[in-house]
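**Student:** how would this look folded up:
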Amino acid sequence: MFGIPGKQAVTLTPAATKQILRLMEKQAAQGLRIGVKKGGCAGMEYTMDYVSEVNPLDEVIEQDGARVLIAPMAQMFLFGTEIDYQVSALEAGFRFNNPNVVEACGCGESIKFRDAPAS
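**Tutor:** Coordinates of the predicted model:
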């Protein structure tokens, strides 16, 4: 596991916590697994999947009943990230306020991390 002992790798805003709880109940999921994969114009993309079974290598973040699991290969990229859920007149979705991102594409779907090669 990466990071500082006793400090969560990822934090959730109240809006994100509420939305994750809704999704967990709707999908009868154990939580949401967050990861990163190669792709997009900036090189990397976030992934989110429903979890029916916890992987023992995942870092588990629990906040007010909401459970987020960080995939092992994503832990170093997500340390220090705040996850928010925002609703506007045109869209709604999770936003990742990640201090490790050095570049993002114009649409906001693709990111580049410090020391991470582009695809």
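**Student:** okay, CA-based contacts and neighbour counts for the rest of this
**Tutor:** Fine.
**Student:** buried stuff in stretch 82-97?
**Tutor:** Neighbour-count burial for stretch 82-97, counted by 16 or more other CA atoms under 10 Å, picks out 82-85, 96.
**Student:** As CSV, the residues you listed with distance to Ala104 would be great.
**Tutor:** What follows is those, written out as CSV (distance: CA to CA, whole Å):
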residue, distance to Ala104
Glu82, 16
Ile83, 16
Asp84, 17
Tyr85, 18
Phe96, 11
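**Student:** Show me the two of those residues that sit farthest apart.
**Tutor:** Spatial extent of the buried residues of stretch 82-97 (CA to CA) is set by the pair Glu82 and Tyr85 at 10.2 Å.
**Student:** Quick check, pLDDT for the residue nearest the centre of the chain.
**Tutor:** Most central in the chain under CA atoms, centre = their mean is Ile34, positioned 4.3 Å from the mean C-alpha point. Looking at Ile34, its pLDDT is 93.
**Student:** any idea how far Leu90 is from it?
**Tutor:** Noted for Ile34: a distance of 24 Å to Leu90, by CA to CA, to the nearest Å.
**Student:** How about Leu21?
**Tutor:** Distance from Leu21 to Leu90, by CA to CA: 23 Å.
**Student:** re earlier: need the contact list for the closest residue to the residue nearest to the centre of the chain other than its chain neighbours.
**Tutor:** Closest residue in space to Ile34, ignoring its immediate chain neighbours: Met48 at 4.7 Å, by CA to CA, 6 or more residues apart in numbering. Counting by CA atoms under 8 Å, 6 or more residues apart in numbering, Met48 touches 32-35.
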